[in-house]
Every structure is written in C-alpha cells, then in structure tokens.
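Undergrad: With the input below, show me the fold.
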Amino acid sequence: MSEHVPATAGTAVAPGPAASGDSPAPVDVDDLPGGLPAALEAILMVAESPVPAERLAAAVARPTVEVHAALAALAEEYQGADGARPRGFELRRGAEGWRIYSHRDLTDVVARFVLEGQSSRLSQAALETLAVVAYRQPVTRGQVSAVRGVNVDGVVRTLLARNLVAEVGQDPTTGAVLFGTTGEFLDRMGWTSLDELPPLAPHLPGVEALGGLEGLGLD
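TA: Below you'll find the predicted structure:
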C-alpha cells in the first residue's frame, strides 16, 4: 500500500494584517489576483490536513455550493481538461475534506526524493494488521493478534504514529482498547468511506469468536 504525498507550499505564507479582534479583515476574493479559484488554491497549498468545503467557504466568504463547484473545476483542470497539460499534483476530495496531493501516477518519483531511497511502503506485517483492523473494526489488539497469530503491539504503535488507526473506544466486556481506521487512512487510499473496501471480509475469521482469547496476554 503506497501513500500519496500531500503537496506543500515552497515557502511559508505570512498572515496579512488583522483587523481588531482575532480574525483577519474580510476580503472580497473577486478583488484578488485569480479570484475565487486562486484563493482556494492558496489556502489548500498551506493546509496541513484535508479541509472541508464548509470551512473553505467560510474563509473566502462564499456559499458552500459555489466553493464546491470551484473545487470540482480545479480538480478537473489539474487532470488536463480541455487539452491542458496534466499537472504533477491533483486536488482530491476525501473523507475529511479537500486536499492537494502529488499526482498518484508520480508517487514513486516523489517518494524517492522525499525519502532518499527509503521505502514509503508499509511492511507486510503492518499491511496485514491494517487489513484486519479495517475489515473487523472496532477490534482490540488481542483480537488482531489472534487473527494474525503473532503479537502486534509494535505494528499497532506504528499504525497509530502514522495516523492510519486510532483508539475508538473500549470493549464493554473486557475493557480492552478498541481500534479503528481513520479519515487519514481513507484519504491515503483515495476513498470516501469504508464502503469502498474490497470484498475481502469473508476471508478473515470473525472476531466475535475470539473473545475467549482476551485473557491470554495479547492485549
């Protein structure tokens, strides 16, 4: 499972002068170079995480439906619509909002530059653990260990650090921590919901039958 690398701005953008209070003075984006599309691009280039359209609409003081249309037009433009050259980046809408990413077809090139020869792919153990969590969530660490047949403590810590899984609650019977996938996982996969998972669940054993293994020191 390779990851698409989010694009980042080349330089930090200093905030403009603020009006009285905490918020910058309102600006009519039509008075700015490039208008609404350029304003949206500027925000997305410095965003550290996906931005919901509603938040973008508030930032540019435009109706959400107008912002949605502008974002869709930008995404199409970046793909080379109307004979234009396809860009090295793309604008995608994920589970948590809109974000500019390096183009998925160029992932290997970007990974070589960013990681200087290190692999950006998850290990086989991490992939297997992530698959179990994705298909059987919410699931405890012990249940994942039982499915895989090995201790997964280290792998789960790696997935937590990469924000691919998160704690989502506690098992009401054992008190063990329950894990599930995150919006970042969906965004990295290019999905908007877990409904887009490939139909592999029938090939994984059901965790409902693994409750008796909680006392084996796997959690």
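Undergrad: wait, what's in contact with the most centrally placed residue in the chain?
TA: Centroid-nearest residue in the chain, with CA atoms, centre = their mean: Glu184, separated by 2.5 Å. Shown in contact with Glu184 (CB atoms under 8 Å, 6 or more residues apart in numbering): 96, 162-164. Backbone N, C-alpha and C define where each C-beta goes, glycine included.
Undergrad: now with 10 Å?
TA: Contact analysis of Glu184 by CB atoms under 10 Å, 6 or more residues apart in numbering lists 3, 49-50, 94-96, 162-166.
Undergrad: which among those residues end up buried?
TA: 3, 50, 94-96, 162, 164-166 (16 or more other CB atoms under 10 Å).
Undergrad: now, which of the contacts of Glu184 lie within strands?
TA: Assigned to strands by DSSP state E, the following of the contacts of Glu184 qualify: 94, 165-166.
Undergrad: Where is pLDDT lowest across those residues?
TA: Among the ones in strands among the contacts of Glu184, Gly94 carries the weakest pLDDT, at 86.
Undergrad: is it true that that residue touches Asp187?
TA: Yes. Under the criterion of CB atoms under 10 Å, Gly94 makes contact with Asp187 at 3.6 Å.
Undergrad: what is in contact with these two at once?
TA: 49-50, 101.
Undergrad: number of nearby residues for Gly169?
TA: Applying other CB atoms under 10 Å, we find 10 residues neighbouring Gly169.
Undergrad: and if you look at the one 3 residues further on?
TA: Close neighbours of Pro172, defined as other CB under 10 Å, add up to 7.
Undergrad: list the contacts for it?
TA: Applying CB under 10 Å, 6+ apart, we find Pro172 in contact with Leu178.
Undergrad: Who does the helix or strand where Glu90 lies pair with, and is each partner parallel or antiparallel?
TA: Under the criterion of DSSP states H and E, Glu90 resides in strand 89-94. Strand 89-94 pairs in its sheet with strand 97-102 (antiparallel), by DSSP bridges.
Undergrad: and the strand it pairs with, what's its mean pLDDT?
TA: Rounded mean pLDDT across strand 97-102 is 88.
Undergrad: The chain should start at 7 in everything you say after this.
TA: With 7 as the first residue, the last one maps to strand 103-108.
Undergrad: okay, it in CSV with CA atoms only?
TA: Extracted C-alpha coordinates of strand 103-108, given in CSV (Å, rounded to 0.1, in the frame of the first residue of the first chain):
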residue,chain,number,x,y,z
GLY,A,103,-12.3,17.3,3.1
TRP,A,104,-10.3,18.6,0.1
ARG,A,105,-6.5,18.5,-0.2
ILE,A,106,-3.8,18.9,-2.9
TYR,A,107,-1.7,15.8,-3.3
SER,A,108,1.1,14.9,-5.6
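Undergrad: could you check the angle strand 103-108 makes with the lengthiest helix in the chain?
TA: In the chain, with assignment by DSSP state H, the single longest helix is helix 70-84. Here the directions of helix 70-84 and strand 103-108 differ by 10 degrees (axes from the mean of the first three to the mean of the last three CA atoms, to 10 degrees).
Undergrad: Mind listing what's buried along helix 70-84?
TA: Using 16+ other CB under 10 Å as the test for burial, helix 70-84 gives 73-74, 76-77, 80-81, 84.
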